[in-house]
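Enquirer: just the structure for this:
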Amino acid sequence: MKAATPDEVIKMLNPKIVGWSNYFKTEVSSHAFQRLDNLLWQKLYRWAKRKHSNKNAYWVVNKYFTPIGKRRHARFAGETQTLKWHGETTVKHQAALRKGVSPYDGNWSYWGTRRGKYIGLDSARGKLLKHQGGRCTHCRLYFTMEDKIEIHHTDGNHNNRQFLNLRLLHLICHDLVHGKGTSCPP
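Expert: This is a model prediction of the structure:
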């Protein structure tokens, strides 16, 4: 792309950078992203230097690279587009599995808390279970496989199904909250 404009180069590179970074963001990849950004900067600098072979390095860097914060060469920008760097992708580390667990062992409380979904658990309960850390909001005890679980609407309006309005409670705790007189398990 010797004769291309910076916008054309960015338009070609951005989808590849974003796709590759999203694919590898769950790995231990921050060091790799840093190295790739360094290599990419060198390639872009050589591209710009080849385009303006009679200009010095200072002129080339000031024309194509916009300094932001402490990083001197943080942005490669054209007229309308800006290059996305690998290091801008947030790395998501996966939590290690407990020893001897499997999605098929029937422990929906563990998998619902970990992933927010499980084979035998509807998506609303799974998300609430994950959000609450596997605990009942009333008695703060962990849910077990044998517990009967109710979805409680905090504002009392059963038509309001917004996530912030919903809580998971044991059946007994749900009855207690609504004043039906039973006691919560110890």
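
Enquirer: now the helices for this protein?
Expert: Under the criterion DSSP state H, the chain contains helices at 6-24, 30-51, 57-64, 108-115, 123-131, 171-177.

Enquirer: any idea how far residue 139 is from the residue in the chain sticking out farthest from the centre?
Expert: Within the chain, residue 54 marks the point farthest from the mean C-alpha position, 45.0 Å out by C-alpha atoms, centre = their mean. Distance, residue 54 to residue 139, using C-beta to C-beta, to the nearest Å: 76 Å. In this view, the C-beta of every residue, glycine as well, is placed from N, C-alpha and C.

Enquirer: where are the low-confidence patches of the protein?
Expert: Scanning the chain for pLDDT under 70 picks out 28, 68-74, 94-95, 103-121, 180-186.

Enquirer: outline the domain layout of it.
Expert: Following the assignment in automatic domain parsing, the chain carries domains at 6-88, 108-177.

Enquirer: spatially nearest residue to residue 18 (excluding sequence neighbours)?
Expert: residue 84 (5.8 Å; C-beta to C-beta, 6 or more residues apart in numbering).

Enquirer: got a list of what the one you found touches?
Expert: 14, 17, 18 (C-beta atoms under 8 Å, 6 or more residues apart in numbering).

Enquirer: in JSON lines, list those along with distance to residue 59.
Expert: As requested, those are arranged in JSON lines below (distance: C-beta to C-beta, whole Å):
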{"residue": "14", "distance to residue 59": "25"}
{"residue": "17", "distance to residue 59": "26"}
{"residue": "18", "distance to residue 59": "30"}
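
Enquirer: considering those, which possesses the most neighbours?
Expert: Highest neighbour count within these, by other C-beta atoms under 10 Å: residue 17, with 20 neighbours.

Enquirer: tell me how far that one lies from residue 49.
Expert: From residue 17 to residue 49 the distance is 21 Å (C-beta to C-beta).
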